[in-house]
Every structure is written in C-alpha cells, then in structure tokens.
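S.K.: can't give you the sequence, but here's the structure:
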C-alpha cells in the first residue's frame, strides 16, 4: 500500500532492477528512484462496455449481459452489478457475464468494473429496458354450447392488446377428450384489432362437412414480441341423432333409465328402469388407458379405446345395463372382426387395485356392435385373450338376465329392444329362442352358435322370424348349452 493525495491505495508493481529505493511521488503519480528511473502509477479506473445490450423490450425475465473492460489489456478485472438503484453489494465477480432475474415492468441495470490496482469505474455502464412476459389475450363473446341452425357460424370477440400484432381463430374436433388439430380449420391471419365484433366466419354446416360432436374454438393472439395467448371454449354441434340430451354426460332418472351415447355415437350404455340408485348424470367417455390412469394386463393387447362408465355418485347398478361398442369406430385401432367369439377378444373391467376382471361380450350378427352387460361403474376395455380353455359350459355367478324386462318392439341400438345376457365358464355352442305363451316359437336368436367364455349377450328386437313386430304380451326366452337350460319371461308393449 502507498498513500497519495491523502488516500491509501494498493500498488502491484516491481521496482526496476538496480533502481534503488524510491525517493518521492510527484503530483503526476510518478515515483522517482535514486537511479533516475521513473515509475508511473495507474490510477485510471476501467471503462466497461456491454457486448450484448438488450433491446427496448424483452419477452423474458432472465437476462445475461456480457461485459468487456476497455483499455485494460491485463487480467484481474472484476465486476459488480445492480438493478433499479439497489445498493451495490460488497462482493466482486471475475466473470464477465452478469445475470439478472426481473419482473415485468421498466428496469435499469448497471455494471461497473474494478481493476487489479483497486481503481473502480466512476460511471457504471447502464441499460434501461422493459420486461413483458405476459402473453396477449383476446376474449370470446359468450360460450355457445350448440351450433344454431344455418350454414355459417360467426365467432365474435375482442382483440385489443396494446402490443397486438395478429390473431387467428381455429376450430378443431374433440375426439375422446383430445383436440384433433390434424382436422382443424383455421381462419386467415388477421392484423386489425377487433372490439366485440366478428373475428372469423366458418361455413359448410349444412353440407355435412362438420360431423356432429364437440369442437374446440381457439383464439390465438400474437404480440410484437412473438408471445402468444390462447382463449378457447367448447362448442357442440348437434344436428342429427343421437342428440345432445342423449350424449354423455346425460341426465337420467331412476324410474325411466335410458340410453347414453359417447361422443360420436361409437359407444352407448342402455340403462333399464330402476337400475340407478337415484336420478343421476351418466357418463360414457372414450379415452386411452393412460388418460384413465390404467395399464393393460400382461401380454394383453387393447382393441380400440378404453371406456369409462360413470353413474353419478354410485359405484354399482341395481340392474345390469348393456354397454355396446361400435366395431371399428373407436379412437384407436378398430376391434377385430372376431371380437367376442370363441377366439378373439373380450370386454374387461378395471378393479380399484389395478387388476382386470374379464366380462366377455358378444359381437352381434351384423358385425357392427359388441355388447356386454355391466353392473358397475368404472373403466372398461376390450383386450385380446386368445382361445378360451376347454371345459363344461355352466351358468356362473348370475342367472339369465333380460334387459329390460318390458320393452317396445323395434328401435335403434341401445334405445329399445331386449338384451339376453348369460355367463359361460368356457367357450362352446349356444342355442337361444323365444316362445309365446302358447308355446309357439316366434324367433330363433342363436342356433348352435359359438360363444367365448364370460358374459355373453344376444338381442331381440321384438320381431318374429318374418320381420313383423310381435303382438303385445308375455314371451318366454330360453338359452341352452349342452350342460344347462335357462328360461326367463319378458313383456312386449303394444305399439
């Protein structure tokens, strides 16, 4: 250390060889030696330059500035930084990169340097700018649940962000709870701000180009920093049956029951009267096993999508409902043509412990629908299960079930008709037929048909072998296997 001008300062230098002891320090900071040598002391502070000065506005809260000292070819330069006139710290850093984490708003940051002689930069380098990390947002006027009649649909809203640059509107089908952007329609990019007016118009609703179902309407606004904000609502297009009142989630009364369809009509739950504990909203939702927090059993392959059935707050039905899946119309791979047969696939239900219970299921004669009775809420799925083991056919766990016991002849799948359910220990031949009270056979439902193990079902539409609706009255349904014969009665209502 040496003292000059009343101030103690650090000195880092070597005296010239043979110069002897220094004699004095003059007013120009020159140190004189007896040999005549002169050593000039460095009291000039460094000057910092910022190599990457920030722009006036930034879209990030994290900022790093790279500094370089001017006129300081040697090493030993250190740096300090501060933001918004905060006090300078007591520590110095040898790194030329100074990092800041700032909130949205106006900021000024300062950086100063100190050289190896202790000279501190008197005028710190300063940069002032604005941080804006908030994405721009528009608004959509209302959230229509149903598309009104007409060929066009106008999307109305507001886009007035102070830094607005452009916006687009996109409509995408929602399939099995997922937004399908591959089939989306997007409006042209527009650069004019809008206040409570039409943002975009979509047409073609009368032509059938928009199938019934759920759609995500998304307004994307972009500002001059490239930040994007998204506002959306769900729109339901409901112009052909099944209508919205029949589509999940749908309210059903305990007394009447009724059919509830999944989006797109590819699955339906037919609930008989008095099956629900109370009047409830019923859910029939399609999705992946992962979306329902489930995984497939070992060595099993899922066919199609999983189906979640919900019946309000209850976990069970007092009477079995019929879950019907349309083959090849689910969101993932289509069901195999032999699903439900002696070799192929079966419906399973997930248990709370993660295991699966095999229910079975029967592919209808037309090959379009797979039916299975269900008596509990939960996640169901169709898995391949290979050949059923050989063995005796017996009724297992439940007797013959008819759903509903009273029905009207004719109707659409899931809405009316009789479902005949039975449980088999192993695969084999089944014969089933319907008699009237006089003992006359009015319809054969199966004649030695092959069925797989588990719960199976047949349907009767209330018509005789000639296709005519049977008369009002009591009818007897019989199901036969080589090991057992089961019968039960039902009532067909008058037309």
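M.R.: Happy to help now that I have it. From a predicted model like this one, the values you see are computed outputs, not experimental measurements.
S.K.: what's the spacing between the most centrally placed residue in the chain and residue 326?
M.R.: Residue closest to the average C-alpha location in the chain (Cα atoms, centre = their mean): residue 178, at 5.6 Å. Distance from residue 178 to residue 326, counting by Cβ to Cβ, to the nearest Å: 19 Å. (Glycine included, C-beta is placed from N, CA and C.)
S.K.: and if you look at residue 439?
M.R.: Distance from residue 439 to residue 326, by Cβ to Cβ: 37 Å.
S.K.: So for these two, which sits in the more crowded spot?
M.R.: Between residue 439 and residue 326, counting by other Cβ atoms under 10 Å, residue 326 is the more crowded of the two (19 against 7).
S.K.: what bridges to that one?
M.R.: Residues in a beta bridge with residue 326, per DSSP bridges, are residue 369.
S.K.: That one against residue 262, yeah?
M.R.: No. If you go by Cβ atoms under 8 Å, residue 326 and residue 262 don't touch, sitting 9.3 Å apart.
S.K.: Now do the helices in the stretch 351-495 of the chain.
M.R.: Remark: no helices are assigned in the stretch 351-495 of the chain by DSSP state H, counting those that start in this stretch.
S.K.: And for the stretch 201-350 of the chain?
M.R.: Going by DSSP H, counting those that start in this stretch, the stretch 201-350 of the chain shows no helices.
S.K.: for it, what are the low-confidence residue spans?
M.R.: Within the stretch 201-350 of the chain, the stretches with pLDDT under 70 are 207, 327-344.
S.K.: hey, where'd the strands end up in it?
M.R.: With strands called from DSSP state E, counting those that start in this stretch, the stretch 201-350 of the chain shows them at 213-223, 228-237, 250-252, 258-261, 267-271, 280-287, 302-311, 316-326, 343-350.
S.K.: what lines up beside the third one in the sheet?
M.R.: Looking back up the chat, that one is strand 250-252. With DSSP bridges as the test, strand 250-252 is paired with strand 280-287 (antiparallel).
S.K.: Give me the contacts around the strand it pairs with.
M.R.: With Cβ atoms under 8 Å, 6 or more residues apart in numbering as the test, strand 280-287 has contacts from 176-178, 248-252, 254, 260-263, 266-269, 271, 276, 305-314, 323, 330-331.
S.K.: same check, this time on stretch 63-82
M.R.: Residues contacting stretch 63-82 (Cβ under 8 Å, 6+ apart): 44, 46-54, 88-89, 91-102, 109-116, 125, 127, 131.
S.K.: Now, those that are in strands?
M.R.: 47-50, 97-101, 109-114, 125, 127, 131 (DSSP state E).
S.K.: from those, which would you call buried?
M.R.: For the ones in strands among the contacts of stretch 63-82, a burial check counting by 16 or more other Cβ atoms under 10 Å picks out 47-48, 50, 98, 100, 109-114, 125, 127, 131.
S.K.: ok, for residue 94, nearest residue in space, not its chain neighbours?
M.R.: residue 78 (5.5 Å; Cβ to Cβ, 6 or more residues apart in numbering).
S.K.: Can you give me the distance of the one you found to residue 402?
M.R.: 89 Å.
S.K.: Over to residue 468?
M.R.: 21 Å.
S.K.: quick one: which of these two has more around it?
M.R.: Here residue 468 and residue 402 are compared on neighbour count by other Cβ under 10 Å; more neighbours surround residue 402, at 20 against 11.
S.K.: is it true that residue 112 touches residue 124?
M.R.: Yes. Between residue 112 and residue 124 there is a contact at 3.9 Å, judged by Cβ under 8 Å.
S.K.: Could you break this protein into its assigned domains?
M.R.: Structural domains annotated on the chain: 2-40, 47-131, 139-237, 244-387, 401-493, as defined by automatic domain parsing.
S.K.: and the last one, what's its mean pLDDT?
M.R.: Domain 401-493 carries an average pLDDT of 83.
S.K.: next one: that domain to chain centre, how far?
M.R.: Distance of domain 401-493 from the chain centroid (Cα atoms, centre = their mean, to the nearest Å) equals 41 Å.
S.K.: Between the two ends of that domain, how far is it?
M.R.: From its first residue to its last, domain 401-493 covers 19 Å (Cα to Cα, to the nearest Å).
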